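S.K.: show me how the following folds:
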Amino acid sequence: MRFLYLIVCFLPACMMRPVGIDGRPSVDQCNFHVNNFGKGYRWEHLPVPITLHSKTMHDQAYNSTMKVIDEWNQVWTSESGQGQGLFEVVGWVHYENALDIENRDKINTVTLVDQVENSSCGQSRCLLKSNQQGVTSMTGMFSLSETDIFLNDADFDFYFDGGMNNNRSLNSVAPPSSFFRDLWMSFLKYLFFWKKPERDPAFDRGFIPRHLIDFESLVAHELGHVLGLGHIEDEGSIMRRQLGSGVMRRGLRRVELNSLLCGYGGQETSFN
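M.R.: Here you go, the predicted model:
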């Protein structure tokens, strides 16, 4: 039986239509993507197991991703009354060609895509285009069976605020290190300190340099897609279609939480 394959993107140039295939709504009443049967597209059980791509996730990306996941889990367990979180990071994976859509392995992975991978991947097989900040691929039939996040580190520069997550470990193994890459990103951060930053009026969380994409904001958006959420055009939502450079949108807010409670609130959580 053929699996439904859906890609949702987050970038300034991407505009998704409000309806899906054959004129059906693209989201249900809980703001979840709908499958081929017109039903909300979600996981049967929580938490969702997540792996990180060991070839690409440097220290800053690792710490920022874990920080976002921790925040989502803490808010969810507090507000939902359920004992387990939304996500559980379970280990590392390694792909030589992470962008190959034929590599469907039932493993949910977060990957940074560098220039080499982006330039060597044929357009017919690539998920990530040069004008996309990130995409999340979603696979399944009656419910989600696999999701993969791809973040464009080839065509966009990311902002990391240095927030460390020292209380968390991943199988007691330190994340892959990339000293020179981190040094270069720090140099860019201070080189452009004079550029006027921008503030999203719906998110009063601080300033970042105008030329950089806030990594935590991008990861939070894509993790929403991993759970099945579609785009939400509420002014206060991290699931808005577009994220401009120099804009910070962080934290699980009430609009996303209400959608998650609507979709997962009565669900039994389990993880094997």
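
S.K.: ok, then the element right after the biggest helix by length in the chain?
M.R.: In the chain, with assignment by DSSP state H, the single longest helix is helix 59-80. Tracing the chain C-terminally past helix 59-80 and defining elements by DSSP states H and E, one meets strand 87-93 next.

S.K.: avg pLDDT for that next one?
M.R.: Across strand 87-93, the average pLDDT comes to 94.

S.K.: quick revisit: what residues sit buried inside the longest helix of the chain?
M.R.: 59-70, 72-73, 75-76, 80 (16 or more other Cβ atoms under 10 Å). All C-beta spots, glycine's among them, are computed from the backbone N, C-alpha and C.

S.K.: that helix versus strand 87-93: what angle between them?
M.R.: Per axes from the mean of the first three to the mean of the last three Cα atoms, to 10 degrees, the angle that helix 59-80 makes with strand 87-93 is 150 degrees.

S.K.: packing partners for helix 59-80?
M.R.: strand 48-53, strand 87-93, helix 179-191, helix 215-226, helix 254-264 (3 or more Cβ pairs under 8 Å, 6 or more residues apart in numbering; DSSP states H and E).

S.K.: quick one: Y62 and W72, what's the gap?
M.R.: 16 Å (Cβ to Cβ, to the nearest Å).

S.K.: ugh, wrong one, G265
M.R.: 15 Å.

S.K.: for S80, same thing?
M.R.: For S80, the distance to W72 - Cβ to Cβ - is 11 Å.

S.K.: L243 now?
M.R.: 17 Å.

S.K.: re earlier: angle of the longest helix of the chain against strand 48-53?
M.R.: Using the same axes, to 10 degrees: helix 59-80 against strand 48-53 is 170 degrees.

S.K.: that's a strand at H33, yeah?
M.R.: Yes - counting by DSSP: H, G, I helix; E, B strand; the rest coil, H33 is found in a strand.

S.K.: who's in contact with it?
M.R.: Listed by Cβ atoms under 8 Å, 6 or more residues apart in numbering, the contact partners of H33 are L6, V8, S26, V27, G40, Y41, M138, H225, G228, L229, G230.

S.K.: no more questions from me, cheers.
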